[in-house]
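> need a structure here:
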Amino acid sequence: MTMFVSQNPSLARRLLVRTALPLAVTCLLAGPAVASETVRVKLATTAGDITLELYPAQAPKTVENFVQYVKDKHYDGTIFHRVIDNFMVQGGGFDASYVQKKTRAPVVHEGREALAKGGLRNVVGTVAMARTNDPQSATAQFFINVKDNAFLDPVVIPPGDPVPKFEYQGRTYENTPRAALMSAPQLFGYTVFGKVIAGMDVVNKIKATPTGAGGPFPSDVPKTPILINKATLEN
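Down below sits the predicted model:
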């Protein structure tokens with residue numbers, strides 16, 4: 001996949017796929033949801049510490065999925081492999097030798113549900129799941145927004161079936177079957193499940209690091225590797 005900095009939302013959206021080998025979506029993550037109180041995770045990186053606050057009340061399965069990867073020490077020794085200033089920083093999938101780490105089955109996409117329950121949008125400092133073009137493909141990789149990226153937000157579908165009127169990217173659609181809109185891949189966006197509550201200065205340091213080619217990636221890789229030495233639960 002070609003990777004380059006773009007301010008064009010349609011191109012930038014394609015940048016934000018989970019950089020991984022193709023995975024078959026065999027099943028959705030099952031199991032009980034995490035308790036509704038917030039969860040804090042500290043990422044001890046080579047650039048400094050970042051503390052995330054996660055919101056299981058809004059995105060229970062997504063938070064449970066992320067927390068399990070933390071418990072499994074999946075993130076320990078992984079790198080921020082894609083860094084685009086004025087967009088986002090992405091990590092959680094590759095070790096320092098650019099070897100892709102094994103993951104569990106994908107987690108169900110909860111973007112719209114999270115928004116409906118008062119969840120956050122893709123604004124500066126929020127953390128969301130990265131994925132392929134398949135909305136149901138998020139596994140372990142995540143990104144932190146370093147800019148307000150409204151075009152990454154899930155699109156909320158108006159009531160009605162058919163939907164009397166729906167506007168998207170400057171076009172108006174009338175009397176559209178609800179199922180067609182609910183299943184359209186381009187309308188899912190990216191699930192936000194937490195935000196940075198400490199260490200945003202570290203995130204800003206990461207976003208400003210010089211980048212270039214690295215491993216299998218032709219661009220956007222920090223020239224000096226930035227590792228997550230350890231990810232730990234804080235509560």
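> only C-alpha atoms from now on, for both contacts and neighbour counts.
Fine.
> phi and psi next, for the most centrally placed residue in the chain.
Closest residue to the average C-alpha location of the chain: Met129 at 2.2 Å, with C-alpha atoms, centre = their mean. Reported as degrees, to the nearest 10, the phi and psi values for Met129 are phi -80, psi 140.
> my guess is it contacts Tyr190, does it?
Yes - between Met129 and Tyr190 there is a contact at 6.3 Å, judged by C-alpha atoms under 8 Å.
> show me how the protein divides into domains.
9-154+189-233, 155-188 (automatic domain parsing).
> mean pLDDT lowest for which of the ones you listed?
Here the lowest mean pLDDT among these goes to domain 9-154+189-233, at a mean of 89.
> just how off-centre is that domain within its chain?
Average the C-alpha atoms of domain 9-154+189-233, do the same for its chain, and the two points are 4 Å apart (C-alpha atoms, centre = their mean, to the nearest Å).
> how long is stretch 219-227 end to end?
Start and end residues of stretch 219-227 are separated by 18 Å (C-alpha to C-alpha, to the nearest Å).
> what comes up buried for it?
For stretch 219-227, the neighbour count (16 or more other C-alpha atoms under 10 Å) marks Ser219, Asp220, Val221, Pro222, Pro225, Ile226, Leu227 as buried.
> what about the strands in the protein?
Taking DSSP state E, the strands of the chain run over residues 39-45, 48-54, 78-84, 88-95, 126-129, 142-145, 163-168, 171-176, 192-198, 211-214, 217-222, 227-233.
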